[in-house]
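Student: Have a look; sequence and predicted model below, questions after that.
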Amino acid sequence: EVRSFYEDKDGKLWIGTYLGGLNCFDPSTGKFTVYRHDNLDSTTISDDRIWSVCEDSRKNLWVGTLTSGLNRFDRSSGKFTRYNTQNSTICFNYINSLELDKDDNLWISSANGLIFFNPEQGMARCYFHNPDDNTSLSDNQVVSTFTDSRGFFWVCTSNGLNLMDRQTGRFSVFTEDDGL
């Protein structure tokens, strides 16, 4: 079962699967390479359930998994670096989707909130729904994010669409009551 699809800057196709690991198709050779989790090797991908893939400006591949956090794939070494709740500042291991901003920071959509992750500093900041704060996320089940052509940052949740002010960390929420 294919869960995600990404074409990198070299034209290779990265396919995230449910239980089939991360697959790379090279159109120039017509061949697949499969990257699988190995419990005995911490430099392999952390999980075979791949939900999201993206690439930063340094050609690192970032991979989000169902329950085992975030992975950075170094193509020159063929090794993965794992980021999860046990070894980093990442707040959650369940990743729905990934988006890189213009500064190569990751915005991680999770089943438990939104995570901003600065890979250079190894620093994460988490955003949650707070029922007592109408400027917080509308729901912790964050499905995806999107930066539009004007630079506005949109966060899609199970309970509405959120427009985030990245300077203040506050959200404006749009729901069915607003015509959504």
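Tutor: Received the coordinates, thanks.
Student: Give me the buried stretch members for stretch 148-168, please.
Tutor: Phe153, Val155, Cys156, Thr157, Gly160, Leu161, Asn162, Met164 (16 or more other Cβ atoms under 10 Å). C-beta: built from backbone N, CA, C; applies to glycine.
Student: Quick check: the third one touching Ser138?
Tutor: What it means is Cys156. No: using Cβ atoms under 8 Å as the test, Cys156 is too far from Ser138 to be in contact (9.8 Å).
Student: between the two, what contacts are shared?
Tutor: Here Cys156 and Ser138 share the contacting residues Asn162, scored by Cβ atoms under 8 Å, 6 or more residues apart in numbering.
Student: Skipping adjacent residues, who's closest to Leu13 in space?
Tutor: Closest residue to Leu13 apart from its sequence neighbours, by Cβ to Cβ, 6 or more residues apart in numbering: Phe25 at 4.3 Å.
Student: just to confirm, which helix or strand has that neighbour in it?
Tutor: strand 22-26 (DSSP states H and E).
Student: Check the average confidence over that strand, would you?
Tutor: Averaging pLDDT along strand 22-26 gives 98.
Student: distance between that strand and the chain's centre?
Tutor: Centroid displacement of strand 22-26 relative to its chain, using Cα atoms, centre = their mean, to the nearest Å, is 18 Å.
Student: What confidence value was assigned to the closest residue in space to Trp62 that isn't next to it in sequence?
Tutor: Leaving aside its sequence neighbours, Trp62 sits nearest to Cys54 (Cβ to Cβ, 6+ apart; 5.2 Å). Here the pLDDT value assigned to Cys54 is 97.
Student: Surely Cys54 touches Phe5?
Tutor: No: between Cys54 and Phe5 there is no contact under Cβ under 8 Å: 11.2 Å.
Student: which of the two has more neighbours?
Tutor: Cys54 (18 against 12; other Cβ atoms under 10 Å).
Student: Quick check: what element follows the helix or strand hosting that one along the chain?
Tutor: Element membership for Cys54, per DSSP H and E: strand 50-55. Next helix or strand after strand 50-55 toward the C-terminus (DSSP H and E): strand 61-65.
Student: quick one, what contacts the residue nearest to Thr135 when sequence neighbours are not counted?
Tutor: Distances taken as Cβ to Cβ, 6+ apart put Arg170 closest to Thr135, at 4.0 Å, once the chain neighbours are dropped. By Cβ under 8 Å, 6+ apart, the contact set of Arg170 is Thr135, Ser136, Met164.
Student: In space, what's closest to Cys8 - neighbours in sequence excluded?
Tutor: Slight slip there: residue 8 is Asp, not Cys. Nearest non-adjacent residue to Asp8 (Cβ to Cβ, 6+ apart): Glu55, at 5.0 Å.
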